[in-house]
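# My questions are about this predicted structure, shown below with the sequence.
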Amino acid sequence: MANVDLQRPRGTQDILPAVTPIWHRVEAAAHRVAQSYGYREIRTPVFEHVEVFRRGVGDATDIVEKEMYEFEDRGGRRLVLRPESTAAVARALQQTSLLSEPPVRLYYIQSHFRYERPQSGRLRQHTQFGVEAWGVPGPLADAEVIALAESLLTDLGLKGLVVRLNSIGCSDCRPRYREALVTYLAGRRDELCGDCQRRLDQNPLRVLDCKVPTCQAVVADSPKPLDYLCETCQTHLAGVEGALSALGITYVRDGSLVRGLDYYTRTVFEIGYDKLGAQSTVCGGGRYDGLMEALGGKAQPAVGFGLGLERLILTLGAEGLVPPEGAAVDAYIAYLGPQLGPEAMRVAQMLRAAGQRVEMEALGRSLKAQLRRAQKLMAPYVVIIGPQELERGVAMVRNMETSAQAEVPIERLAATFAR
RNA sequence: GUGAAUGUAGCUCAGUUGGUUAGAGCACCAGGCUGUGGCCCUGGGGGUCGGGGGUUCGAGUCCCCUCAUUCACCCCA
């Protein structure tokens, strides 16, 4: 503890054996649900050239401006630990022929790195399950990814999460709206909070979801993004909503929903769980038809989302959906006296080969201590290798629940357990 | 990046206006039961009181700095 350099870096966590099971469960569900929608897994490098995110995510975003872990490698390349995966996936697609046969449906489970001020649900290294549908311009694709996220949450037993939906327009109508909003807000600049006065210059759409009451009062009379949507965008939004309704997915229209990454166009959505406090957004996504071009490639429409696994697991905990720890092993091998260690080991191997999870006494402790250990592991059976039994080629098998014991010939142990 | 709270054994926490060797419960180990878990009894190992500096005869207690966690903001998953 004394040496700061030997501590876990700020905003990171060690995921210990007691919690890896819920991670496995969540990851398994993510793989299963994504594949059930025909999505295939992609894995991209942990680090990329800085330009991928500067151009993909946007130079003016917080993520790129002040949260990237940038470094120069020994060859003088400017690299960065990926702060998100969508731009990285787009980059990967440019370098393959996958997109020559759209649609391309992909998913990933990857770590992301951002220099954030840590809080519960906000880490410097966090994991996202993400999904991307490339080469699909129509609104059904937007609805599909939202449905996919919803399926995962339902699969894990979650209820009561709220889907919020909005459209922020396209390259045609967004500038018109932005201009109208800036004109309006500039006229009432002195009524806005300090943050919003800054936002007005940098990212005026963000003023819409400011929580300061005076700002909300100003926003209440402001031009609404939906009023400025061009016909194409309106039709698209209506298409998404129609599909969601057909699927029976409940959502709320939230005209103030804005996302912080520049690449979004038209559809944006979030799925949140309000009991998580300030970090309540579990899933965020939308459409990013302009991303591929921003990265210098041929234009390709796409929709997707990122879903934070740490936050998802916090939510499962808050909802009491983390199952209690089960037995770590099927059998515990106890033995008496150091000379029987090798024989105990041979028995353990036999059972493992037969598909059993087996832990063997490692410290040569008293039988009492070995049984205590077995109990702790919730091992249903203990196989006791002792000199008395070994002479006759048998082992004592103890049922830990009933305390019943029976001698079983060693060569038949595997068959006994396999039933 | 802004504002605030917290930091004592592996865990949850006591620790009176600064005053002798820093405690409890749980956990762990051993013995009681010389080869049998859970209950009980007895004993034991464990702490640079987050770290550094200062005030003082004396600091877990007071002051400063620092690190970490948490909460709100900001942002986002």
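Received, thanks. Residues are numbered from 1 along each chain as shown, chains lettered A, B, ... in the order given.
# quick one: the residue of the stretch 201-350 of chain A found nearest RNA strand B from A:Ala318, how far?
Closest approach between the stretch 201-350 of chain A and RNA strand B, counting by Cβ to the nearest atom of the strand: A:Gly260, at 0.9 Å. Just so you know, the C-beta spots here come from the backbone N, C-alpha and C atoms, and that holds for glycine as well. For A:Gly260, the distance to A:Ala318 equals 25 Å [Cβ to Cβ, to the nearest Å].
# How about the backbone phi and psi for the closest residue to A:Glu72 other than its chain neighbours?
Counting by Cβ to Cβ, 6 or more residues apart in numbering, A:Arg78 is the residue found nearest to A:Glu72 once chain neighbours are left out, at 6.0 Å. Dihedral angles of A:Arg78 (phi, psi; degrees, to the nearest 10) stand at phi -90, psi 110.
# For burial, what's the neighbour tally of A:Arg78?
Residues lying near A:Arg78 (other Cβ atoms under 10 Å) number 12.
# Next one: it relative to A:Met68, how far apart?
Between A:Arg78 and A:Met68 the distance is 10 Å, computed by Cβ to Cβ.
# Give the residues shared as contacts by the two.
Common neighbours of A:Arg78 and A:Met68 (criterion: Cβ atoms under 8 Å, 6 or more residues apart in numbering): A:Val50.
# Not counting its neighbours along the chain, what's nearest the residue of the stretch 201-350 of chain A closest to RNA strand B?
Nearest non-adjacent residue to A:Gly260 (Cβ to Cβ, 6+ apart): A:Thr61, at 5.9 Å.
# Surely the one you found touches A:Arg259?
No. A:Thr61 lies out of contact with A:Arg259 (Cβ atoms under 8 Å); the separation is 9.8 Å.
# Tell me the helices and strands packed up against the helix or strand of chain A with the lowest mean pLDDT.
Every helix and strand of chain A was ranked by mean pLDDT, DSSP states H and E. The lowest is helix A:194-202, at a mean of 81. When contacts are defined as 3 or more Cβ pairs under 8 Å, 6 or more residues apart in numbering; DSSP states H and E, helix A:194-202 sits against helix A:173-187.
# For the helix it packs on, which outside residues touch it?
Residues from elsewhere that reach helix A:173-187 (Cβ under 8 Å, 6+ apart): A:168-169, A:192, A:196, A:200, A:204-205, A:207, A:218, A:222-223, A:225, A:228-230, A:233, A:265.
# Next one: it, is it in contact with RNA strand B?
No. In terms of Cβ under 7 Å from any atom of the strand, no part of helix A:173-187 sits within range of RNA strand B; the closest distance is 14.1 Å.
# Now do the buried residues in that helix.
A:Cys173, A:Arg174, A:Tyr177, A:Arg178, A:Ala180, A:Leu181, A:Val182, A:Tyr184, A:Leu185 (16 or more other Cβ atoms under 10 Å).
# Show me how far it is from its chain's centre.
With Cα atoms, centre = their mean, to the nearest Å as the basis, the distance from the averaged C-alpha position of helix A:173-187 to the chain average is 35 Å.
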